[in-house]
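Peer 1: Sequence first, then the predicted structure, then my questions.
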Amino acid sequence: MEHSLLDQISKKESELKQECDLACKEAEDLIHDARVKARGQLEEAEKKGAEEALVFMQKGMAELSFQVEEIRKAGEREAADVLSRGEKNVDNAIIRIVEKAR
């Protein structure tokens, strides 16, 4: 009877060890799958973030380029206006210089 009881205990221990090993293997597989999935999600998020950042930067650069062009045009208009006013004053300046020189 004792021998049989020890055999039963040993057999049960072996079964429990197999179940435990199987549960550990399943847990390891689940952890591995979760890590692979998380890595994929992270890579996808980084890719999407980089794409969105590029679009944002391109929009910003386009807006900046537009503003620079507007400033350049305004500067050209102002320069043309100053030149025009200056040319109109040349005749008056010459007359004044001649008058002062007499």
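Peer 2: Yep, it's here. Residues are numbered from 1 along each chain as shown.
Peer 1: any idea of the mean pLDDT for stretch 24-42?
Peer 2: Computed over stretch 24-42, the mean pLDDT rounds to 98.
Peer 1: Grab the CA positions of stretch 15-24 and hand them over as CSV.
Peer 2: What follows is stretch 15-24, C-alpha atoms only, in CSV (Å, rounded to 0.1, in the frame of the first residue of the first chain):
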residue,chain,number,x,y,z
GLU,A,15,1.6,15.4,-13.9
LEU,A,16,1.6,18.7,-12.0
LYS,A,17,5.1,19.4,-13.2
GLN,A,18,4.1,18.7,-16.8
GLU,A,19,1.0,21.0,-16.4
CYS,A,20,3.2,23.6,-14.8
ASP,A,21,5.8,23.4,-17.6
LEU,A,22,3.0,23.6,-20.2
ALA,A,23,1.5,26.7,-18.4
CYS,A,24,5.0,28.3,-18.3
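Peer 1: How far away from the center of its chain is that stretch?
Peer 2: With Cα atoms, centre = their mean, to the nearest Å as the basis, stretch 15-24 stands 47 Å off its chain's centre.
Peer 1: Could you do stretch 48-58 as well?
Peer 2: Centroid separation between stretch 48-58 and its chain, computed with Cα atoms, centre = their mean, is 5 Å.
Peer 1: what do you get for stretch 76-85?
Peer 2: Mean C-alpha position of stretch 76-85 versus that of the full chain (Cα atoms, centre = their mean) differs by 43 Å.
Peer 1: Keeping just the C-alphas, turn it into CSV.
Peer 2: Written as CSV, here are the backbone C-alpha positions of stretch 76-85 (Å, rounded to 0.1, in the frame of the first residue of the first chain):
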residue,chain,number,x,y,z
GLU,A,76,10.5,95.9,-53.4
ARG,A,77,7.4,98.1,-53.5
GLU,A,78,8.8,100.2,-50.7
ALA,A,79,12.2,100.5,-52.5
ALA,A,80,10.4,101.5,-55.7
ASP,A,81,8.4,104.1,-53.9
VAL,A,82,11.5,105.6,-52.2
LEU,A,83,13.3,105.6,-55.5
SER,A,84,10.3,107.4,-57.2
ARG,A,85,10.1,110.0,-54.4
